[in-house]
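Colleague: sharing a model that was predicted from the sequence below.
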Amino acid sequence: MKYDRLWEHLLEYLNTWGTATELAPGRIGLSYDDAEGVRRQVEIVMRPDQWDDLVTVIWGDFDDAAKHARRMIVEASADMPFRVYGTYELVPSETPELPIDPDDLELEELARQHPEGFGRWVVTDAAGNLIDELGPEPG
């Protein structure tokens, strides 16, 4: 498949296993039956350019990207009615906003506790000689 009309192809694909409607720019309402036959409703919050990136940058193939998107949509908990785009994935969310990643919160707290930094990067050659370094002085 060529990399044209990817957004339209996404809507067509979603309609092969559910009922998809573009609610507003960057928002798709989707109804589908889950594995137990229960009707589920989700809203996908993703701009067309984000979908284009997911297809072209990460997958390089529409079909693989679409199958991946379907897994991200259907495998999420039923109490998460939104799938919000976040760096090449659709993240389950209770709201149309991308949820805060707990790992990010932990890093923010570490940065607050250690404004001087808490890591040191070094580059060595094969013999172990220091080539470059970044971060606070050890010690």
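Modeller: Looks like it came in fine.
Colleague: so how many other residues sit close to L11?
Modeller: L11: 15 surrounding residues under other Cβ atoms under 10 Å. For the C-beta atoms, the positions are set from N, CA and C on the backbone; glycine is no exception.
Colleague: wait, a helix at L11?
Modeller: Yes - assessed with DSSP: H, G, I helix; E, B strand; the rest coil, L11 lies in a helix.
Colleague: what pLDDT does the most centrally placed residue in the chain get?
Modeller: Centroid-nearest residue in the chain: E89, 2.2 Å away (criterion: Cα atoms, centre = their mean). pLDDT recorded at E89 is 93.
Colleague: once you drop chain neighbours, what's closest to it?
Modeller: Residue nearest to E89 in three dimensions, not counting chain neighbours: M72, with 6.2 Å by Cβ to Cβ, 6 or more residues apart in numbering.
Colleague: so that neighbour lies in a helix, does it not?
Modeller: Yes - the assignment for M72 by three-state DSSP puts it in a helix.
Colleague: can you tell me which residues contact it?
Modeller: 83, 89-90 (Cβ atoms under 8 Å, 6 or more residues apart in numbering).
Colleague: residues near D4, how many?
Modeller: With other Cβ under 10 Å as criterion, D4 counts 8.
Colleague: quick one, phi/psi of the residue nearest to the centre of the chain?
Modeller: Dihedral angles of E89 (phi, psi; degrees, to the nearest 10) stand at phi -150, psi 160.
Colleague: on that earlier part again, make JSON lines from the contacts of M72 and add distance to Y32 to it.
Modeller: Below are the contacts of M72 laid out as JSON lines (distance: Cβ to Cβ, whole Å):
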{"residue": "R83", "distance to Y32": "12"}
{"residue": "E89", "distance to Y32": "19"}
{"residue": "L90", "distance to Y32": "14"}
